[in-house]
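Visitor: Got a sequence here, can you model it:
(4 chains)
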Number of protein chains: 2
Amino acid sequence: MDPIYRTDRATLYAGDALSILPTLPADSVDLVLVDPPYNSGGRTMSDRTTYSARDKYVSGDAATAQTLADFAGDNRDQRSYTYWLTRQLAESLRTAREGASCLVFTDWRQLPATSDALQAAGWTWRGIITWHKPVARPRQGGFTAACEYVLWGAHGPIDGRRNPVYLPGLYSASQPRGKKRRHITQKPIELLAELVKVAPPGGTVLDWCAGSGSTGVAALGSGRRFIGAEVTAAYAAIAAERLAEAEASD
Amino acid sequence: MDPIYRTDRATLYAGDALSILPTLPADSVDLVLVDPPYNSGGRTMSDRTTYSARDKYVSGDAATAQTLADFAGDNRDQRSYTYWLTRQLAESLRTAREGASCLVFTDWRQLPATSDALQAAGWTWRGIITWHKPVARPRQGGFTAACEYVLWGAHGPIDGRRNPVYLPGLYSASQPRGKKRRHITQKPIELLAELVKVAPPGGTVLDWCAGSGSTGVAALGSGRRFIGAEVTAAYAAIAAERLAEAEASD
DNA sequence: CCTCTCGATGAATCCATCT
DNA sequence: AAGATGGATTCATCGAGAG
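Guide: Reported below is the predicted structural model:
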């Protein structure tokens, strides 16, 4: 499959992860950084399967005000989520260099299933990075869901001297708002720019859930190379546009 | 079994949780707040089983300088940890009022197993509270394990109007040091004092892994009642002493 | 350019009502 | 009786616009 965007430092495919991953060379990637659909909104099966991701996650007035496109793949139950994620992560492992890392975003509800998938795919689980969102909806009589999590896995032992960074285990950052927001579940660039530091400078970052391309923007901005894939055509186009902007602004 | 400490507001037993829980009345507890042994130090089976908890968790000079007593129950593998915790949490559920909460401390490694046990025991999983430890050992080439986690479960629906608090999902607090430290894995009082707020004022807090009694100190200091149990005799004595101090200082 | 006020927002959740 | 639907709720934070 031909990429829809390609330069020396960045490649972006519009397509499914499982059709693109096998075409990548083995032992070539330094960091797999993905934000898969969490598949966790809604209490009942029909909540999960019937509604679109937008109806599930964008609430109140915002639901009518927002003009962001919907995204695909948010309709699996927990078993199939685990199965699906395991396959993708196993394919990713093949492309990863010895000592490479894997970072997977998840919410509290899917954290255990995500850790199962990470390990079943052959990665060694190394820890949890906590992302604190300062703006969270309060909850009467209990605790707010103020954090999302990033599971950290590694392909074999990590040689600390190869990339001697000391990274924190907690980050606080707000979701992009207003004009900067191009995707319903967009992650803040500051956060991604920090996560990308587990890959050595000049190393390659892979994201097969590219969405609006934030991971790529962060990778390029931090002096890493980027390979991305995104299924939803509308978002792939936005991602290509943002990658071009990022490279132009260097 | 007779308590080793008893007042109007606090009761402490020196003994195993499973011999004490069945003696407590049903539907009487508003919050079960426990910090079970994580059973996760050491990578190999023999690390877990051979070494004492003190050797695993107290490193370097601290191990020789400190004279903290060892604690029991830190030698299970993950399967038996889940099984053991499920039994304890199921017994706890019986003592819990409708709408009561359960908070269980865990580290990242045991988080999935702990969520399994919580749900297998019949509690509804409601979220994860993150405890950030500002002073954590850095790790070359990767992310620091800067956080521990508290899993939140509930016994049936929570009536927010009964205890209309709005609690955050992230707390930052340092482990007690120096003379204030009476237990190897002691939790900060400030943190426990916040967690205890999910129980209504005057409500009852139960901790069957009382350790040096911090949960009781926090509960009494925040105007809640306390029921505790601790297996290790040395710690039960310390806990009784600290409960008495807490009640005297009111 | 900085400070202040004002208003909009949230990878939700709860509950009553309807099918 | 169980599942589906729709509307109300909540406040710390952040962006925008005014002073």
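Visitor: Pick out the residue closest to the middle of chain A.
Guide: A:Asp35 (2.2 Å; C-alpha atoms, centre = their mean).
Visitor: how near is that residue to chain B?
Guide: The span separating A:Asp35 from chain B equals 17 Å under the rule C-beta to the nearest C-beta, to the nearest Å. All C-beta atoms are positioned from the backbone trio N, CA, C, and that covers glycine.
Visitor: before we move on, what about A:Leu111?
Guide: For A:Leu111 relative to chain B (C-beta to the nearest C-beta), the value is 7 Å.
Visitor: That residue: what's it in contact with?
Guide: A:Ile128, A:Tyr149, A:Leu151, B:Leu111, B:Pro112, B:Ser115, B:Ile128 (C-beta atoms under 8 Å, 6 or more residues apart in numbering or on different chains).
Visitor: now the angle from the helix or strand hosting the second one to strand B:147-154?
Guide: Right, the one you point to is A:Tyr149. Following DSSP states H and E, one finds A:Tyr149 within strand A:147-154. Using axes from the mean of the first three to the mean of the last three C-alpha atoms, to 10 degrees, the direction of strand A:147-154 lies 130 degrees away from that of strand B:147-154.
Visitor: So strand A:147-154, near chain B or not?
Guide: Yes - applying C-beta under 8 Å from any C-beta of the partner chain, one finds strand A:147-154 touching chain B at A:Cys147, A:Tyr149, A:Trp152, A:Ala154.
Visitor: The second one touches A:Ile129, doesn't it?
Guide: It refers to A:Tyr149. Yes - checked against C-beta atoms under 8 Å, the pair A:Tyr149 and A:Ile129 is within contact range at 7.0 Å.
Visitor: Please name every helix or strand in contact with the longest helix anywhere in chain A.
Guide: Ordering each helix of chain A by length in residues (DSSP state H) puts helix A:78-95 first. Helix A:78-95 makes packing contacts with helix A:17-20, strand A:29-34, strand A:96-106, helix A:111-120 when contacts are defined by 3 or more C-beta pairs under 8 Å, 6 or more residues apart in numbering or on different chains; DSSP states H and E.
Visitor: make it 10 Å
Guide: Counting contacts by 3 or more C-beta pairs under 10 Å, 6 or more residues apart in numbering or on different chains; DSSP states H and E, helix A:78-95 packs against helix A:17-20, strand A:29-34, strand A:96-106, helix A:111-120, strand A:147-154, strand A:204-207.
Visitor: I'd like these as TSV, with mean pLDDT appended.
Guide: Shown next, in TSV, are these (pLDDT from 0 to 100):
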stretch	mean pLDDT
helix A:17-20	95
strand A:29-34	98
strand A:96-106	98
helix A:111-120	97
strand A:147-154	97
strand A:204-207	98
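Visitor: For DNA strand D, which of those is the nearest?
Guide: With C-beta to the nearest atom of the strand, the closest approach to DNA strand D among those belongs to strand A:147-154: 13.2 Å.
Visitor: who does that closest one pair up with?
Guide: Take DSSP bridges as the rule and strand A:147-154 pairs in its sheet with strand A:96-106 (antiparallel), strand A:124-132 (antiparallel).
Visitor: Mind listing what's buried along the first one?
Guide: Within strand A:96-106, the residues that qualify as buried are A:Ala96, A:Arg97, A:Gly99, A:Ala100, A:Ser101, A:Cys102, A:Leu103, A:Val104, A:Phe105, A:Thr106, counting by 16 or more other C-beta atoms under 10 Å in any protein chain shown.
Visitor: next one: stretch A:84-96
Guide: A:Trp84, A:Leu85, A:Thr86, A:Arg87, A:Gln88, A:Leu89, A:Glu91, A:Ser92, A:Leu93, A:Arg94, A:Thr95, A:Ala96.
Visitor: for chain A, which spans come out with low pLDDT?
Guide: Low-confidence segments of chain A (pLDDT under 70): A:41-50, A:59-66.
Visitor: Try it again at 50.
Guide: Within chain A, no stretch has pLDDT under 50.
Visitor: mind listing what the residue of chain A most remote from its centre touches?
Guide: In chain A, the residue that sits farthest from the middle, by C-alpha atoms, centre = their mean, is A:Gly141; the gap is 32.0 Å. Listed by C-beta atoms under 10 Å, 6 or more residues apart in numbering or on different chains, the contact set of A:Gly141 reads B:99, B:101, B:154, B:157-167, B:198, B:200.
Visitor: quick revisit: isn't the residue nearest to the centre of chain A up against A:Thr106?
Guide: Yes - with contact defined as C-beta atoms under 10 Å, A:Asp35 reaches A:Thr106; the gap is 8.9 Å.
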